[in-house]
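Undergrad: need a 3D model of the sequence below.
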Amino acid sequence: MSLLSAHAVCRAYRRFSLVGAGKSTPVLHEVSFAIEAGETVALLGRSGCGKSTLARLLTGLEAPNAGEIRFKDRSLQGFDTDTWHDFRRTVQMVFQDPQSAVNPRLTIGEIIQEPLRHLTTLTPTERDAEVARLLSSVGLVASDAHKYPHQVSGGQLQRVCIARALAPRPALIVLDEAVSNLDLHLQRQTLALFKTLKREFGVAFLFITHDLRLVSQFCTRVLVMDAGRLVEDRAVTQPLTLHSAAGKALTQAVLPALPSRPKRPSERFSTEGVFE
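TA: Residues are numbered from 1 along each chain as shown. Below is the predicted model:
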(Lines give C-alpha, C1' and ligand atoms only; values in the text may rest on other atoms or scores of the structure.)
Protein backbone atom coordinates (compact mmCIF):
# COMPACT_ATOMS: atom_id res chain seq x y z
CA MET A 1 0.00 0.00 0.00
CA SER A 2 1.48 3.34 -1.09
CA LEU A 3 1.73 6.24 1.34
CA LEU A 4 0.42 8.77 -1.20
CA SER A 5 -0.55 8.30 -4.84
CA ALA A 6 -2.10 10.09 -7.82
CA HIS A 7 -4.39 8.24 -10.22
CA ALA A 8 -5.07 9.78 -13.66
CA VAL A 9 -5.19 13.23 -12.07
CA CYS A 10 -6.33 16.15 -14.24
CA ARG A 11 -6.53 19.82 -13.29
CA ALA A 12 -7.72 22.80 -15.29
CA TYR A 13 -8.37 26.44 -14.41
CA ARG A 14 -11.00 28.76 -15.79
CA ARG A 15 -10.50 32.51 -15.87
CA PHE A 16 -13.35 34.86 -15.06
CA SER A 17 -13.87 38.45 -16.17
CA LEU A 18 -16.64 41.06 -16.25
CA VAL A 19 -18.03 39.43 -19.37
CA GLY A 20 -18.23 35.97 -17.82
CA ALA A 21 -16.21 32.77 -17.64
CA GLY A 22 -13.38 32.22 -20.07
CA LYS A 23 -12.10 29.05 -21.65
CA SER A 24 -10.80 26.34 -19.33
CA THR A 25 -7.00 25.95 -19.46
CA PRO A 26 -5.70 22.44 -18.69
CA VAL A 27 -2.63 22.26 -16.42
CA LEU A 28 -2.35 18.55 -15.56
CA HIS A 29 -3.18 15.64 -17.90
CA GLU A 30 -3.84 12.20 -16.34
CA VAL A 31 -0.84 12.18 -14.00
CA SER A 32 -0.32 8.89 -12.13
CA PHE A 33 2.44 7.84 -9.71
CA ALA A 34 2.91 6.66 -6.13
CA ILE A 35 5.22 7.46 -3.23
CA GLU A 36 6.10 4.63 -0.87
CA ALA A 37 6.87 5.05 2.83
CA GLY A 38 10.45 6.20 3.33
CA GLU A 39 11.00 6.89 -0.38
CA THR A 40 12.77 10.00 -1.70
CA VAL A 41 11.32 11.08 -5.05
CA ALA A 42 12.31 14.05 -7.21
CA LEU A 43 9.77 15.78 -9.43
CA LEU A 44 11.61 17.62 -12.21
CA GLY A 45 10.36 20.02 -14.83
CA ARG A 46 10.65 23.50 -16.24
CA SER A 47 8.76 26.40 -14.67
CA GLY A 48 5.09 26.27 -15.61
CA CYS A 49 4.95 22.55 -16.31
CA GLY A 50 2.48 21.87 -13.47
CA LYS A 51 4.78 20.77 -10.61
CA SER A 52 3.39 23.16 -8.00
CA THR A 53 -0.20 22.48 -9.07
CA LEU A 54 0.41 18.77 -8.56
CA ALA A 55 1.90 19.49 -5.12
CA ARG A 56 -1.25 21.36 -4.08
CA LEU A 57 -3.40 18.42 -5.17
CA LEU A 58 -1.22 15.91 -3.33
CA THR A 59 -1.46 17.88 -0.09
CA GLY A 60 -5.21 18.39 -0.35
CA LEU A 61 -5.04 22.15 -0.86
CA GLU A 62 -6.91 21.74 -4.17
CA ALA A 63 -9.04 19.00 -5.66
CA PRO A 64 -8.52 17.47 -9.13
CA ASN A 65 -11.11 17.93 -11.87
CA ALA A 66 -10.73 14.24 -12.71
CA GLY A 67 -8.90 11.30 -11.20
CA GLU A 68 -8.11 11.06 -7.49
CA ILE A 69 -5.43 11.41 -4.83
CA ARG A 70 -5.15 8.50 -2.40
CA PHE A 71 -3.62 8.50 1.07
CA LYS A 72 -2.87 4.98 2.34
CA ASP A 73 -5.16 3.72 -0.44
CA ARG A 74 -8.08 5.95 0.62
CA SER A 75 -9.35 8.72 -1.64
CA LEU A 76 -9.03 12.22 -0.20
CA GLN A 77 -12.53 12.94 -1.51
CA GLY A 78 -14.07 10.63 1.09
CA PHE A 79 -12.18 11.84 4.17
CA ASP A 80 -14.00 12.60 7.39
CA THR A 81 -12.69 14.98 10.08
CA ASP A 82 -10.55 12.39 11.86
CA THR A 83 -8.96 11.16 8.62
CA TRP A 84 -8.16 14.72 7.54
CA HIS A 85 -6.48 15.27 10.91
CA ASP A 86 -4.31 12.19 10.37
CA PHE A 87 -3.53 13.30 6.82
CA ARG A 88 -2.53 16.84 7.87
CA ARG A 89 -0.20 15.44 10.52
CA THR A 90 1.32 12.84 8.21
CA VAL A 91 1.78 14.94 5.04
CA GLN A 92 3.47 18.33 5.34
CA MET A 93 4.58 20.82 2.68
CA VAL A 94 7.28 23.48 2.42
CA PHE A 95 6.44 26.14 -0.17
CA GLN A 96 8.84 27.93 -2.51
CA ASP A 97 8.06 31.44 -1.23
CA PRO A 98 8.40 31.58 2.57
CA GLN A 99 7.09 35.16 2.81
CA SER A 100 3.66 34.18 1.49
CA ALA A 101 3.62 30.94 3.49
CA VAL A 102 3.63 32.56 6.94
CA ASN A 103 1.46 35.02 8.84
CA PRO A 104 3.56 38.21 9.22
CA ARG A 105 1.70 39.10 12.43
CA LEU A 106 2.90 35.97 14.21
CA THR A 107 6.32 35.49 15.78
CA ILE A 108 8.52 32.70 14.48
CA GLY A 109 7.77 30.71 17.63
CA GLU A 110 4.04 31.07 17.06
CA ILE A 111 4.43 30.03 13.39
CA ILE A 112 6.19 26.80 14.37
CA GLN A 113 3.71 26.19 17.18
CA GLU A 114 0.69 26.20 14.85
CA PRO A 115 0.94 22.51 13.84
CA LEU A 116 1.96 21.61 17.40
CA ARG A 117 -1.24 23.18 18.75
CA HIS A 118 -3.56 21.67 16.17
CA LEU A 119 -1.96 18.31 15.42
CA THR A 120 -0.32 17.18 18.69
CA THR A 121 -1.27 16.87 22.35
CA LEU A 122 1.76 18.75 23.73
CA THR A 123 1.28 21.18 26.62
CA PRO A 124 2.27 24.87 26.18
CA THR A 125 5.52 24.26 28.08
CA GLU A 126 6.31 21.22 25.94
CA ARG A 127 5.53 23.19 22.78
CA ASP A 128 7.98 25.93 23.77
CA ALA A 129 10.72 23.35 24.31
CA GLU A 130 9.89 21.66 21.00
CA VAL A 131 10.11 24.99 19.14
CA ALA A 132 13.61 25.55 20.57
CA ARG A 133 14.70 22.06 19.45
CA LEU A 134 13.23 22.50 15.99
CA LEU A 135 14.95 25.87 15.53
CA SER A 136 18.25 24.26 16.50
CA SER A 137 17.66 21.43 14.03
CA VAL A 138 17.54 23.90 11.11
CA GLY A 139 20.53 25.98 12.19
CA LEU A 140 18.72 28.75 14.06
CA VAL A 141 18.76 29.65 17.77
CA ALA A 142 16.05 29.58 20.44
CA SER A 143 15.96 33.39 20.69
CA ASP A 144 14.81 33.56 17.06
CA ALA A 145 11.40 32.37 18.30
CA HIS A 146 10.67 35.93 19.51
CA LYS A 147 11.37 37.55 16.13
CA TYR A 148 8.86 38.36 13.40
CA PRO A 149 9.24 37.22 9.76
CA HIS A 150 10.40 40.67 8.60
CA GLN A 151 13.27 40.53 11.10
CA VAL A 152 15.01 37.55 9.48
CA SER A 153 16.41 36.89 6.01
CA GLY A 154 14.57 34.96 3.31
CA GLY A 155 16.85 31.96 3.82
CA GLN A 156 16.27 31.98 7.57
CA LEU A 157 12.52 32.24 7.05
CA GLN A 158 12.62 29.25 4.72
CA ARG A 159 14.34 27.28 7.47
CA VAL A 160 11.53 28.35 9.81
CA CYS A 161 9.06 26.87 7.32
CA ILE A 162 11.08 23.65 7.25
CA ALA A 163 11.00 23.53 11.06
CA ARG A 164 7.22 24.04 10.98
CA ALA A 165 6.87 21.12 8.55
CA LEU A 166 8.94 18.91 10.86
CA ALA A 167 6.91 19.86 13.95
CA PRO A 168 4.11 17.23 13.77
CA ARG A 169 6.63 14.48 12.89
CA PRO A 170 5.26 13.74 9.42
CA ALA A 171 5.77 10.62 7.36
CA LEU A 172 6.00 12.61 4.11
CA ILE A 173 7.27 16.12 3.37
CA VAL A 174 6.57 17.77 0.02
CA LEU A 175 9.36 20.25 -0.78
CA ASP A 176 8.28 22.69 -3.49
CA GLU A 177 11.59 24.34 -4.51
CA ALA A 178 12.11 24.54 -0.76
CA VAL A 179 15.88 25.09 -0.82
CA SER A 180 16.03 27.44 -3.83
CA ASN A 181 16.24 30.51 -1.55
CA LEU A 182 19.21 29.08 0.39
CA ASP A 183 22.82 29.57 -0.61
CA LEU A 184 24.79 26.53 -1.77
CA HIS A 185 26.25 25.70 1.63
CA LEU A 186 22.87 25.95 3.37
CA GLN A 187 21.37 23.80 0.62
CA ARG A 188 23.90 21.09 1.37
CA GLN A 189 23.35 21.30 5.13
CA THR A 190 19.57 21.19 4.72
CA LEU A 191 19.83 18.08 2.55
CA ALA A 192 22.05 16.50 5.22
CA LEU A 193 19.28 17.13 7.76
CA PHE A 194 16.69 15.55 5.45
CA LYS A 195 18.95 12.52 4.89
CA THR A 196 19.25 12.05 8.64
CA LEU A 197 15.46 12.19 9.07
CA LYS A 198 15.05 9.65 6.27
CA ARG A 199 17.67 7.31 7.71
CA GLU A 200 16.63 7.51 11.38
CA PHE A 201 12.87 8.02 11.16
CA GLY A 202 11.86 6.78 7.70
CA VAL A 203 10.51 10.14 6.53
CA ALA A 204 9.59 10.17 2.82
CA PHE A 205 10.16 13.20 0.60
CA LEU A 206 8.76 14.52 -2.66
CA PHE A 207 11.42 16.97 -3.79
CA ILE A 208 10.05 19.34 -6.45
CA THR A 209 12.82 21.14 -8.30
CA HIS A 210 14.44 21.92 -11.64
CA ASP A 211 17.98 21.54 -10.24
CA LEU A 212 19.55 18.19 -11.16
CA ARG A 213 22.47 18.74 -8.77
CA LEU A 214 20.16 18.45 -5.78
CA VAL A 215 18.40 15.40 -7.25
CA SER A 216 21.72 13.54 -7.53
CA GLN A 217 22.61 14.46 -3.95
CA PHE A 218 19.33 13.54 -2.31
CA CYS A 219 16.89 11.40 -4.32
CA THR A 220 16.62 7.74 -5.31
CA ARG A 221 13.91 8.10 -7.96
CA VAL A 222 13.08 10.86 -10.41
CA LEU A 223 9.91 11.86 -12.24
CA VAL A 224 10.01 14.31 -15.14
CA MET A 225 7.03 16.48 -16.09
CA ASP A 226 6.51 18.38 -19.32
CA ALA A 227 3.45 20.49 -20.20
CA GLY A 228 1.36 18.91 -17.46
CA ARG A 229 2.22 15.31 -18.30
CA LEU A 230 4.49 12.79 -16.58
CA VAL A 231 6.99 11.84 -19.30
CA GLU A 232 9.62 9.87 -17.37
CA ASP A 233 9.93 7.77 -14.20
CA ARG A 234 13.26 6.14 -13.39
CA ALA A 235 15.78 5.41 -10.66
CA VAL A 236 18.44 8.03 -9.97
CA THR A 237 21.82 6.94 -11.31
CA GLN A 238 25.30 8.38 -10.88
CA PRO A 239 25.75 10.26 -13.11
CA LEU A 240 22.08 11.09 -13.52
CA THR A 241 20.86 10.09 -16.99
CA LEU A 242 17.46 11.11 -18.34
CA HIS A 243 16.00 9.98 -21.66
CA SER A 244 12.93 12.14 -22.23
CA ALA A 245 13.28 15.35 -24.27
CA ALA A 246 12.31 17.42 -21.22
CA GLY A 247 14.81 15.55 -19.05
CA LYS A 248 17.62 16.01 -21.55
CA ALA A 249 16.90 19.74 -21.72
CA LEU A 250 17.28 19.99 -17.94
CA THR A 251 20.45 17.90 -18.04
CA GLN A 252 22.03 20.34 -20.48
CA ALA A 253 21.43 23.34 -18.22
CA VAL A 254 24.71 24.79 -16.89
CA LEU A 255 24.73 25.01 -13.09
CA PRO A 256 27.52 25.70 -10.59
CA ALA A 257 28.89 22.76 -8.64
CA LEU A 258 27.72 22.04 -5.11
CA PRO A 259 30.34 22.69 -2.41
CA SER A 260 32.07 19.63 -1.00
CA ARG A 261 31.57 20.56 2.67
CA PRO A 262 30.36 23.39 4.91
CA LYS A 263 32.80 26.29 5.40
CA ARG A 264 33.01 25.98 9.18
CA PRO A 265 31.98 23.26 11.64
CA SER A 266 29.76 25.81 13.42
CA GLU A 267 27.60 26.08 10.30
CA ARG A 268 26.42 22.48 10.48
CA PHE A 269 22.83 21.84 11.51
CA SER A 270 21.94 19.81 14.56
CA THR A 271 19.40 17.00 14.54
CA GLU A 272 19.30 16.75 18.32
CA GLY A 273 15.73 16.63 19.61
CA VAL A 274 14.14 16.14 16.19
CA PHE A 275 11.56 13.31 16.23
CA GLU A 276 12.67 12.09 19.64
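Undergrad: and Arg70, what helix or strand is that in?
TA: Using DSSP states H and E, Arg70 falls within strand 66-71.
Undergrad: next one: Arg89
TA: helix 81-90.
Undergrad: what's downstream of that helix, the next helix or strand?
TA: In N-to-C order, the element after helix 81-90 by DSSP H and E is strand 91-94.
Undergrad: so which residue is smack in the middle of this protein?
TA: Leu175 (1.7 Å; CA atoms, centre = their mean).
Undergrad: my guess is that one is in a strand, correct?
TA: Yes. Read with DSSP: H, G, I helix; E, B strand; the rest coil, Leu175 is one of the residues of a strand.
Undergrad: and it, how far from Arg89?
TA: Distance, Leu175 to Arg89, using CB to CB, to the nearest Å: 18 Å. (C-beta placed from N, C-alpha, C; glycine too.)
Undergrad: same question for Ala235.
TA: Ala235 is 30 Å from Arg89, by CB to CB.
Undergrad: contacts only, for Leu191.
TA: Remark: with contacts taken as CB atoms under 8 Å, 6 or more residues apart in numbering, Leu191 is in contact with 179, 214, 217-218.
Undergrad: pick out the most distant pair among these.
TA: Maximum pairwise distance among these (CB to CB): 10.4 Å, between Val179 and Gln217.
Undergrad: what's the closest non-adjacent residue to Ser216?
TA: Leaving out its chain neighbours, the residue that sits closest to Ser216 by CB to CB, 6 or more residues apart in numbering is Leu240, at 5.0 Å.
Undergrad: is that neighbour part of a helix or strand, or is it coil?
TA: Put simply, Leu240 is coil when judged by three-state DSSP.
Undergrad: then Glu62?
TA: Following three-state DSSP, Glu62 is assigned to coil.
Undergrad: what is the burial count for the nearest residue to it once chain neighbours are set aside?
TA: For Glu62, ignoring the flanking residues on the chain, the nearest one in space by CB to CB, 6+ apart is Arg56 at 4.5 Å. Counted with other CB atoms under 10 Å, residues neighbouring Arg56 total 16.
Undergrad: which helices and strands does the helix or strand hosting Arg56 pack with?
TA: Under the criterion of DSSP H and E, Arg56 resides in helix 51-58. With contacts taken as 3 or more CB pairs under 8 Å, 6 or more residues apart in numbering; DSSP states H and E, helix 51-58 sits against strand 4-17, strand 20-35, strand 40-44, strand 172-176, strand 204-209.
Undergrad: quick one: which of those is nearest Gly228?
TA: strand 20-35 (4.8 Å).
Undergrad: in its sheet, what does the closest one sit against?
TA: Here strand 20-35 has these sheet partners by DSSP bridges: strand 4-17 (antiparallel).
Undergrad: can you list the weak-confidence ranges in this structure?
TA: Applying pLDDT under 70 to the chain flags residues 254-276.
Undergrad: can you give me the angle the strand holding Arg70 makes with strand 4-17?
TA: 140 degrees (axes from the mean of the first three to the mean of the last three CA atoms, to 10 degrees).
Undergrad: after strand 66-71, next one along is what?
TA: Immediately after strand 66-71, counting by DSSP H and E, sits strand 74-75.
Undergrad: so Arg56 versus Thr81, what's the distance?
TA: From Arg56 to Thr81 the distance is 21 Å (CB to CB).
Undergrad: typed the wrong thing, it's Arg213
TA: Per CB to CB, Arg213 is found 42 Å from Thr81.
Undergrad: so the two - more neighbours on which side?
TA: Neighbour totals were compared for Arg213 and Thr81, and Arg213 leads with 17 against 6 (other CB under 10 Å).
Undergrad: the more buried one belongs to a helix?
TA: Yes. Residue state for Arg213 (three-state DSSP) corresponds to a helix.
Undergrad: how far away is it from Arg46?
TA: In this view, Arg213 and Arg46 are 16 Å apart by CB to CB.
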